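Chemist: let's see this in three dimensions:
(chains A and B)
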Amino acid sequence: MEEQMAKIDLSNISHTYNPLDPKPTYALNPFSMTWENGKRYAILGPSGCGKTTMLNIVSGLVRPSKGEILFDETPVTDLKTEDRNIAQVFQFPVIYNTMTVYDNLAFPLRCREFTKDKIEERVKAVSDTLNLSSFLNSPARKLTADQKQLISLGRGLVREDVAAVLMDEPLTVIDPDLKFRLRRNLKEINEQYKTTLVYVTHDQNEAMTFAENIIVMDQGEIVQVGLPKDLFEKPKTTFVGYFIGSPAMNIFHSTVSSDHEVKINDTTIKTNSNLGNLKDKNVKLGIRSEFIELAEKEKNNTVKIKLTRVEDFGNFKLLTGKMGNLVIKSKVEREKPIPDGELNLYFPPEKCCVYSDEKLV
Amino acid sequence: MSKLYTFLKYFFITFWTVFVVAPFLWAVSTSFKDFQSVNSKVTYIPWLDFEPTLEGWRVLIKSPAKGGVDIVEPYFNSIFVTCTASLISIVLGTLAAYALSRFTFKAGFVRNNDITFFFISQRIMPPIVLSIPFFIFLSTIGLLDSLLGLVVVYIVLLMPIAVWIMVDFFNRVPKELDETALIDGCNPYQAFYKVVLPNSIPGLIVAGMFCIIFGWIDFFFAFILTFTEVQLLPVKVVALNSSITPWWSLSASALVSVAPLIIVAFIVERYLSKGNLSGALK
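Modeler: Numbers count the residues shown, from 1 in each chain, chains lettered A, B, ... in the order given. Okay, here's the model as predicted:
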């Protein structure tokens, strides 16, 4: 079998589920994106933001209202699902109840008329990876929910030649320990076979540990595409700031006071952003709690807060303080002594992000 | 409290069992009686109360020329009509139900649910309303008093049941199952018969059971639409009655009439108790 893995282009795709309505509501707003061959992508976003619609468009279960999909520059928009060579794993295990585990895993290969030897070889390889070898001859319906989901995953991975394996929150029903191992397995499979993996999740940790590229979506819109590091350090919108990271990014209403400075209440904070044309405008200042440092005494770029709570997470302490009516959270090393009452927090200018109209300046 | 509950529970179970089983036992006992044992005094137990005889049973297979009633031919007629009509109803009904469950139909104001209701509404009317149209219809196409005509009419009666049960069943099978089959490389037809259909065997069994029951017990249309050429079992059983009611052969024929349904019930019950009827997808 020749290698068929493909680069996937989504060009000007948009989708609505009520196209006949005079004012259709769009589940996906127009976007274009390219998924490179052999990479791992995670689509991250809250429920109902269009993640699943996007997967279904790629696999052909949903035909996009507008736009075009290309696999290796060949348009496949009108190609049927069964002819697309895509594997998709759903959130809940979907297994063929009437078949054994072996037959379940072999089904995609049988449908595509692989030889018996090839089928046996592939099923064995996949069942070894997923720890299903000892169940191969039992009826699939007798297995537990997480084993069933392994079968679903296995059916996705059993074809070596798929253009991409799309996974729609596949590990929801699997317990944490196994989850961790499976994510690593998926990574290994990706590295070994160079299979493009697309992984939908609403769990940022899952996305961060799994993917090379993360696509953050909100309300049918792609908000940011980037490496985990970019999403963390330079979120393009306040939504990404809120959504990624735990705790969420600190975001304060502020006013631009000079080319590089903003004012929060009466404190001036210097940033590295160029704010020349936003003078006196209302903006938002965002900073990760990880980047806020404890300062010995008041200096440039420090704010004075009143400590309201200290939570010990074992590996760090989370300080919650108030500056007037603003709440500030800061992560500090757990060995650091925390002074009582009032303390000064330093905002490194290079870590401050300024948002105008919810978008990064 | 719980003791009283247990007592009441077993009391009602026992009561209900007696209520259901007694007529059967009564029929079994009566089928072995002769004129004397039925009409002289109340008798219950063979050999003690009365001398059992097989006359009531013999009559059923004797030809009319020898003073019998011969229900063998009507029996096989009934089996043929019921099975053929049920099978065709299940096949067509399942296909219709799958379409109604998976695709969206629009014709004017008519939607999927309206079509499903249209199927079921065939059973809303009292059968007698349908008798004249069916009679005219069959006589026009020359199928009155024929097995084929009965099969046609029974399909009309049974298919709504099959559609109704199967639509409900397919609606509970997640559409992800079909989608997974498509992704695994089946075309829509293969997805249906390789994946969805084997998963639907419990639904098919239930639908089949209802079709067989309703087909088998129908007296009305069998009575209206046949005369001399073809007779079905229920009609023949009723025809047994004469100026002197032959309780013994009536009981025997009643027992052989319910026998197939009891067998069906046993098979289906085994299936039901295995828990296979639940959606069983997740």
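
Chemist: now the element after the helix or strand in which A:T255 is found, going C-ward?
Modeler: Element membership of A:T255, judged by DSSP states H and E, is strand A:250-258. For strand A:250-258, the following helix or strand on the C-terminal side (DSSP H and E) is strand A:261-264.

Chemist: B:M125 belongs to a strand, doesn't it?
Modeler: No. Assessed by DSSP: H, G, I helix; E, B strand; the rest coil, B:M125 does not belong to a strand; its assignment is coil.

Chemist: on that earlier part again, return the distance of the strand holding A:T255 from the chain's centre.
Modeler: Distance of strand A:250-258 from the chain centroid (C-alpha atoms, centre = their mean, to the nearest Å) equals 28 Å.

Chemist: what does stretch B:65-82 give?
Modeler: Centre-to-centre, stretch B:65-82 and its host chain are 18 Å apart (C-alpha atoms, centre = their mean).

Chemist: show me where the stretch 1-150 of chain B dips below the pLDDT cut-off.
Modeler: For the stretch 1-150 of chain B, no stretch has pLDDT under 70.

Chemist: by proximity to chain A, which residue of it wins?
Modeler: Using C-beta to the nearest C-beta, the single residue of the stretch 1-150 of chain B nearest to chain A is B:K106, 9.8 Å away. Using the backbone N, CA and C atoms, a C-beta is placed for each residue, glycine as well.

Chemist: what is the neighbour count of that residue?
Modeler: When counting by other C-beta atoms under 10 Å in any protein chain shown, one arrives at 9 neighbours for B:K106.

Chemist: do the helix or strand encompassing B:I155 and chain A meet at all?
Modeler: Per DSSP H and E: B:I155 is located in helix B:147-172. No. Judged by C-beta under 8 Å from any C-beta of the partner chain, helix B:147-172 and chain A are separated, with a smallest distance of 13.2 Å.

Chemist: ok, then the element right after that helix?
Modeler: Of the helices and strands lying after helix B:147-172 in sequence (DSSP H and E), the nearest is helix B:175-183.

Chemist: only alpha carbons, please: show that next one as CSV.
Modeler: Extracted C-alpha coordinates of helix B:175-183, given in CSV (Å, rounded to 0.1, in the frame of the first residue of the first chain):
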residue,chain,number,x,y,z
LYS,B,175,-26.2,7.9,14.4
GLU,B,176,-22.5,7.7,15.3
LEU,B,177,-22.7,4.0,14.6
ASP,B,178,-23.6,4.6,11.0
GLU,B,179,-21.1,7.4,10.7
THR,B,180,-18.3,5.1,12.1
ALA,B,181,-19.2,2.5,9.5
LEU,B,182,-19.0,5.1,6.8
ILE,B,183,-15.6,6.3,8.1
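
Chemist: helices or strands next to it in the packing?
Modeler: Here helix B:175-183 touches strand A:86-89, helix B:188-190, going by 3 or more C-beta pairs under 8 Å, 6 or more residues apart in numbering or on different chains; DSSP states H and E.

Chemist: what about the longest one, average pLDDT?
Modeler: I take that to be strand A:86-89. Mean pLDDT, strand A:86-89: 90.

Chemist: got the contact list for that strand?
Modeler: With contacts defined as C-beta atoms under 8 Å, 6 or more residues apart in numbering or on different chains, strand A:86-89 is touched by A:55, A:58-61, A:108, A:149, A:152-153, A:155-157, A:159, A:162-168, A:170, B:179-180, B:183.

Chemist: just the ones of these in helices?
Modeler: A:55, A:58-59, A:108, A:149, A:152-153, A:155-157, B:179-180, B:183 (DSSP state H).

Chemist: and the nearest residue to A:Y26 once chain neighbours are set aside, what is it in contact with?
Modeler: Among residues not flanking A:Y26 along the chain, A:T16 sits closest, at 4.9 Å (C-beta to C-beta, 6 or more residues apart in numbering or on different chains). Taking C-beta under 8 Å, 6+ apart, we find A:T16 in contact with A:P24, A:T25, A:Y26, A:A27, A:S65.
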